[in-house]
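Engineer: below are the sequence and a predicted model; questions follow.
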Amino acid sequence: MSRNTAKYRFELPDKTASFGMPVASLIQTGAPSGEVKDGTTDMVIRPYTPITPKDAVGYLDLIVKTYPEGRMSQHIAGLGVGDKLSMKGPFVKFEYRANMKKEIGMIAGGTGIAPMLQVIEEILSNPEDRTTASLLFANVTQEDILLRQRIDSLAASHSNFQVTYVLDKPPVFWSGRAGYITAEMLRETMPSPSEDAWILVCGPPPMMQSVSGSKAKDLSQGELSGILQELGYTSQ
């Protein structure tokens, strides 16, 4: 998919089972770390958000960025056809209901697009859902934009979804935004602070720190800070 990110497809134990994972939820993957503690093999646990369509049958797709020191990403990259990966879940981050907000703004970086895509496709697949969705998707280069064809197709066919791309290193002829995410970008692409609006953020730690503040140690939403706090948004 890009220079350091790939899509992996895993067959479900029941090949006839519908994927049917709740929106805004994730799974936990597990693999032996190679270390032994107190006589027990230590496990590496990492969360991932599937990008599988809800009506998919018999399989699950993950997008995983491979890091040089990433034990789980290296493990997954080393799997061959027929190998198995331990998974547990789903774990729901929040319960999404149609029309629960008038507007939802999403700020994603890299593989942080995965949970956003879940919400976007849920909104757009329901003709009764009148929610307006706006996505600001940040990456380093144009080649790093994951799932661009899928995202652009959704934007082209739905008037209630708009996407803006921003690149750290844009090519010469680039029509999107350039540089790091700024307050001005958010003012122009995201819904204004309101009880009828939500802002969702997912991406690498430096982006999270700048835009919304870091996650808590248990990976839940941490204290709001950064650009969103400066613009008057509040935690919900």
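Structural biologist: Received, thanks.
Engineer: the helix or strand of the chain with the lowest mean pLDDT packs against which elements?
Structural biologist: The least trusted helix or strand in the chain, going by mean pLDDT, DSSP states H and E, turns out to be strand 25-37, with a mean of 84. Under the contact definition 3 or more Cβ pairs under 8 Å, 6 or more residues apart in numbering; DSSP states H and E, strand 25-37 sits against strand 40-48, helix 71-77, strand 86-92. Placement of C-beta: from N, CA and C, glycine included.
Engineer: Pro191 reaches Ile107, doesn't it?
Structural biologist: No - using Cβ atoms under 8 Å, Pro191 makes no contact with Ile107, being 11.6 Å away.
Engineer: neighbour count winner among these two?
Structural biologist: Taking other Cβ atoms under 10 Å, Pro191 and Ile107 do not tie; Ile107 has more neighbours (29 against 19).
Engineer: contact partners of the helix or strand where that one lies?
Structural biologist: According to DSSP states H and E, Ile107 maps onto strand 103-109. Residues from elsewhere that reach strand 103-109 (Cβ atoms under 8 Å, 6 or more residues apart in numbering): 116, 119-120, 123, 131-139, 181, 186, 189-191, 194, 196-204, 207, 211-212.
Engineer: give the buried residues for that strand.
Structural biologist: By 16 or more other Cβ atoms under 10 Å, the buried positions in strand 103-109 come out as Glu103, Ile104, Gly105, Met106, Ile107, Ala108, Gly109.
Engineer: neighbouring contacts of the least confident helix or strand of the chain?
Structural biologist: 21, 41-50, 60, 62, 71-72, 75-76, 85-93, 115, 118.
Engineer: hmm, 10 Å instead?
Structural biologist: 10, 21, 41-50, 60, 62, 64, 71-76, 78-79, 85-96, 114-115, 118, 219 (Cβ atoms under 10 Å, 6 or more residues apart in numbering).
Engineer: which of those residues are buried? Put it as a ChimeraX command.
Structural biologist: Selection of the buried residues among the contacts of strand 25-37 in ChimeraX, burial being defined by 16+ other Cβ under 10 Å:
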select :10,21,44,46,48,49,50,60,62,64,72,73,75,76,85,87,89,90,93,96,114,115,118
